[in-house]
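S.K.: based on what follows, work out the 3D shape:
(one chain, ligands or ions: 2)
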Amino acid sequence: MSPLLSLSATFRSIHIRSTSILNCVSELRRRQIKNVFSNRQLCRLVLGIETSCDDTAAAVMDETGSILGESLYSQKDVHLKAGGIIPPVAQRLHREHIARVTQEALDMSGVAPSDLSAVATTVKPGLALSLGVGLDYSIKFIQQHKKPFIPIHHMEAHALTVRMIEPVQFPFLVLLVSGGHCLLAVSKGVDDFLLLGKSLDEAPGDILDKVARRLSLISHPECSTLSGGQAIEHIAKQGIPMGQLLSCVNDIAAAVQYTVASHIAKRTHRAILFCKAKGLLPQNSATLVVSGGVASNQYIRKTLKIVTDSTDLTLLCPPAKLCTDNGVMIAWNGIERLREGKGILNHVENICYEPKAALGTDISGQVREAAIKVPRLKLEIKE
Ligand code: KG4
Ligand code: ZN
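M.R.: Ligands and ions are numbered 1, 2, ... in the order given. Below is the predicted model of the structure:
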């Protein structure tokens, strides 16, 4: 194994949430890494920065997809106490933490800014005030260090994270379920998506967060530090979703989780049948990728597995910590774009963030017109 790979492997699974151990990267290691890179010209390196919502995150990744360093500051606790994300508060917290988080990721990687091939940053979609902090910081950084910039679409990054872990070939079907979005799309290439459908009103994560708030789950001893979705998943384990009078928060959580899961499953089932009818996926080895914060929910995954089993698709989900927002997925999207030479900017004068941004070409009208009838599946999960 090359020194680079063994070094990367050591750090592959480390996840740091605003810790202080990062200053310990020795100068020796920094030099070792530098030698490997300069001797072999092996790997290009990307710094990824994410601030689209309530996580300030950064990661350094090499071209093989190895995570060299990462750091994440989650604002979750602050927003949980406030009863929701207040954009100016999110902006202030991003401002307070972005320099430290980025420096931690760089320190952990042992990579100097001058060694980076590019900086990749989420510029769309997301909260305007949050996106602005990451973009302003990144522009200053790249101007100071004279680096190319790769603007990243947050939902495209969620969609392609899985390819960092498994070599999933295009095209594949992807379901993106998060706090702000619910999207079904065919992923045909790094920057090529067909949008089959999206939530008309509220995204599943938003619904779970609101129900959790109405149930005051923050006061539940086992849920005080969990996001709404996590809290619902946790207490639903002791609940019964239907068939009898709901009697407690556990039952309500189970019923809500079942409703969200079965709705998502039916829509995904229809998307699969549409793709089959139109030949949009490989005939023998079609894959459904599920990502975004809500995809870390094991109950929802199991429900979707019933759908993929019955339609002969393979279900793939990134590990939970890569489903919720993180810097690694942004760095990886930067690597994918760098490899293909797509969307790499040497001038950033006109770059703006975009709070709303479509994903690919919208063909949801064709899905509606096809009016495919979805066969009933027994979706109830016994845990
Ligand atoms: O992707 P993400 O980290 O941020 C957005 O881009 O929105 O998703 C956050 C959402 C939140 O609504 C949170 O409640 C939900 O993902 N979530 C979950 C779980 N973990 C996080 N929902 C259901 N089950 C979970 N285990
Ligand atoms: Zn997200």
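
S.K.: show me what the longest helix along the chain is packed against.
M.R.: What stands out as the longest helix in the chain, according to DSSP state H, is helix 249-278. Judged by 3 or more Cβ pairs under 8 Å, 6 or more residues apart in numbering; DSSP states H and E, the packing partners of helix 249-278 are strand 172-177, strand 182-189, strand 192-198, helix 204-214, helix 228-236, helix 298-311, helix 364-370. Every residue, glycine included, has its C-beta placed from N, CA and C.

S.K.: please identify the most buried of these.
M.R.: strand 172-177 (a mean of 27; mean count of other Cβ atoms under 10 Å).

S.K.: follow-up on the earlier one: the longest helix of the chain and ligand 1, any residue contact?
M.R.: No - judged by Cβ under 6 Å from any ligand atom, helix 249-278 stays clear of ligand 1, getting no closer than 7.8 Å.

S.K.: okay, now the sheet partners of the very next helix or strand once past that helix, with direction.
M.R.: Toward the C-terminus, helix 249-278 is succeeded by strand 287-291 as the next helix or strand (DSSP states H and E). Strand 287-291 pairs in its sheet with strand 172-177 (parallel), strand 314-316 (parallel), by DSSP bridges.

S.K.: will you turn the ones you listed into a markdown table that also has distance to ligand 1?
M.R.: Output for those, formatted as a markdown table (distance: least, Cβ to the nearest ligand atom, whole Å):
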| stretch | distance to ligand 1 |
| --- | --- |
| strand 172-177 | 8 |
| strand 314-316 | 16 |
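
S.K.: of those strands, which is nearest ligand 2?
M.R.: strand 172-177 (8.1 Å; Cβ to the ion).

S.K.: out of the strands paired with strand 287-291, which comes closest to residue 195?
M.R.: strand 172-177 (10.3 Å; Cβ to Cβ).

S.K.: now do the closest one against strand 192-198, angle only.
M.R.: Per axes from the mean of the first three to the mean of the last three Cα atoms, to 10 degrees, the angle that strand 172-177 makes with strand 192-198 is 50 degrees.

S.K.: are strand 172-177 and ligand 2 in contact anywhere?
M.R.: No - judged by Cβ under 5 Å from the ion, strand 172-177 stays clear of ligand 2, getting no closer than 8.1 Å.

S.K.: from the middle of its chain, how far away would that strand be?
M.R.: Relative to the centre of its chain, strand 172-177 is centred 11 Å away, using Cα atoms, centre = their mean, to the nearest Å.

S.K.: what does it contact?
M.R.: With contacts defined as Cβ atoms under 8 Å, 6 or more residues apart in numbering, strand 172-177 is touched by 155, 158-159, 182-187, 203-205, 264, 268, 271-272, 275, 280-281, 286-295, 300, 304, 313, 359.

S.K.: where does the chain dip in pLDDT?
M.R.: 1-42, 382-383 (pLDDT under 70).

S.K.: residues from the stretch 101-250 of the chain in reach of ligand 1?
M.R.: 178, 179, 180, 205, 208, 209, 227, 228, 229, 230, 233.

S.K.: which one of these is nearest ligand 2?
M.R.: residue 178 (4.3 Å).

S.K.: residue contacts, the residue lying closest to the closest one once chain neighbours are set aside?
M.R.: Using Cβ to Cβ, 6 or more residues apart in numbering and skipping residues adjacent in sequence, the residue nearest residue 178 is residue 292, 3.5 Å away. By Cβ under 8 Å, 6+ apart, the contact list for residue 292 reads 155, 158, 176, 177, 178, 181, 205, 323.
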